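Undergrad: Give me a 3D structure for the following:
(one chain, ligands or ions: 1)
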Amino acid sequence: MANELRLRLALRRGDFSLSVDLTLPGSGVSAIFGPSGCGKTSLLRAIAGLERAEGMIEVDGECWQNGRYRLPTHQRALGMVFQHSALLPHLDVEGNLRFGWRRAGGDPELLQRWIDRLDLGPLLLRRVQSLSGGERQRVGLARALVTAPRLLLLDEPLSALDGQRRAEILPYLARLRHEAGMPILLVSHAADEVARLADYLVLLREGRVVADGPALQLLQRDDLPLALEDDAAAVLEGTIQGRGPDGLYSVQVGPAQFHTYGASGHTAGETVRLRIPAREVSLTLSCHQDSSILNIVPVRLQTLRGLADPGQVQATLALGEQTLFARVSTRSAARLGLHEGMMLWAQIKAVAVLV
Ligand SMILES: Nc1ncnc2c1ncn2[C@@H]1O[C@H](COP(=O)(O)OP(=O)(O)OP(=O)(O)O)[C@@H](O)[C@H]1O
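TA: Numbering: from 1, shown residues only. The predicted model follows:
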């Protein structure tokens, strides 16, 4: 497909080497996920032409680099947002937005569109020093988008924000997935961000691609490092059914219905992702009606994996076509006689189902 993003890149820095060969989709968010030092930023900088790598880069059918040919950074139609958006301190918010916008052709409709979609109207006359971290990142995003880039590169855009600010800006990023009109490459080491935002996922370790593919498929595999980490969580896709008078949303996931508080802002019929930490899932042999737990769903035990801690095991559970993880003690697993293929009930408190 012409509008894909094709990357074949290699670089060496001291003991570290990066070597990737990837074809990423031409729309939506591709998340590059991996631990500190695995080469995420180096990869993004190489794509931007800020880091000298060997190889080939093709964006939407346009060659940015091949062999000795290298398009300079300022000629690559890309927008970048880093952990801290470096805004121009002598200009107000509007001045910052107009700066790059003018040089990129200055389409007034485009400027207004991103001011509106990122809710920047009330901030336009503010000095950039007076902005909160989250507001700065929204301005940084708009400043990148008003230049109509063919590729948007986001390097840990939320990692400098506290929980509250992150929660404020996440919905904007989620909306960008569908509205940006260009592929977005998101570097992140936060699993919850990836679960919420990624359409496509690249798992990077020590400069190499461990796995890449549609995000939901990868997030449901139990053989990848993501599923075995301490804070492992299942990511399920469901459809909002409605909201009860007590504020609880019901979400249909395959054959089961989940109840959660966390779906505010979503409406019936919308597809959402549920993130359920493996530690929050318990297992029973029968369906208890005398418990406070609202989500009790029938599952089939697919695999049982030992973990680094010998006192715990992780069960992979089939829920229709999707996968749930449960982390339980080895003692409980023995007491219930857990074995592959057995039918069980998975229990999850409504407050543990995150949207
Ligand atoms: N100029 C350099 N000389 C030597 N090593 C370097 C140089 N630049 C980067 N590295 C090393 O390359 C590796 C990858 O760095 P990079 O910043 O790309 O990782 P990252 O995955 O983005 O990490 P983080 O999540 O911590 O930002 C690191 O081990 C880093 O120390």
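
Undergrad: Name the nearest residue to Ala315, ignoring sequence neighbours.
TA: Of all residues not flanking Ala315 in the chain, Ala326 sits nearest, at 4.6 Å (CB to CB, 6 or more residues apart in numbering). For the C-beta atoms, the positions are set from N, CA and C on the backbone; glycine is no exception.

Undergrad: Surely the one you found forms part of a helix?
TA: No. Using DSSP: H, G, I helix; E, B strand; the rest coil, the assignment for Ala326 is strand, not a helix.

Undergrad: How many residues are close by Gly144?
TA: One correction, residue 144 is Ala, not Gly. When neighbours are counted by other CB atoms under 10 Å, Ala144 registers 21.

Undergrad: so what pLDDT did it get?
TA: Here the pLDDT value assigned to Ala144 is 93.

Undergrad: in terms of contact, does the residue nearest to Ala315 touch Ala346 like I think?
TA: Yes. Assessed by CB atoms under 8 Å, Ala326 is found in contact with Ala346 at 6.1 Å.

Undergrad: Counting neighbours, go ahead and name the busier of these two.
TA: Per other CB under 10 Å, whichever of Ala326 and Ala346 has more neighbours is Ala326, with 28 against 24.

Undergrad: Quickly note the distance from the nearest residue to Ala263 once chain neighbours are set aside to the ligand.
TA: Closest residue to Ala263 apart from its sequence neighbours, by CB to CB, 6+ apart: Tyr249 at 4.0 Å. Distance of Tyr249 to the ligand, given as CB to the nearest ligand atom, to the nearest Å: 34 Å.

Undergrad: same question, Ser132
TA: 23 Å.

Undergrad: Pick out the residue nearest the middle of the protein.
TA: Computing the C-alpha centroid of the chain and ranking residues by CA atoms, centre = their mean puts Val194 first, at 2.2 Å.

Undergrad: isn't that one right up against Ser188?
TA: Yes. Counting by CB under 8 Å, Val194 touches Ser188, with 5.6 Å between them.

Undergrad: Common neighbours of these two, please.
TA: Common contact partners of Val194 and Ser188 (CB atoms under 8 Å, 6 or more residues apart in numbering): 31, 33.

Undergrad: report the longest helix in the chain, please.
TA: In the chain, assigned by DSSP state H, the helix with the most residues is helix 163-179.

Undergrad: Could you point out which residue ranges in the protein have low pLDDT?
TA: Across the chain, the ranges flagged by pLDDT under 70 are 1-2.

Undergrad: interface residues of it facing the ligand?
TA: With CB under 6 Å from any ligand atom as the criterion, the chain meets the ligand at residues 13-14, 16, 34, 36-42, 189.
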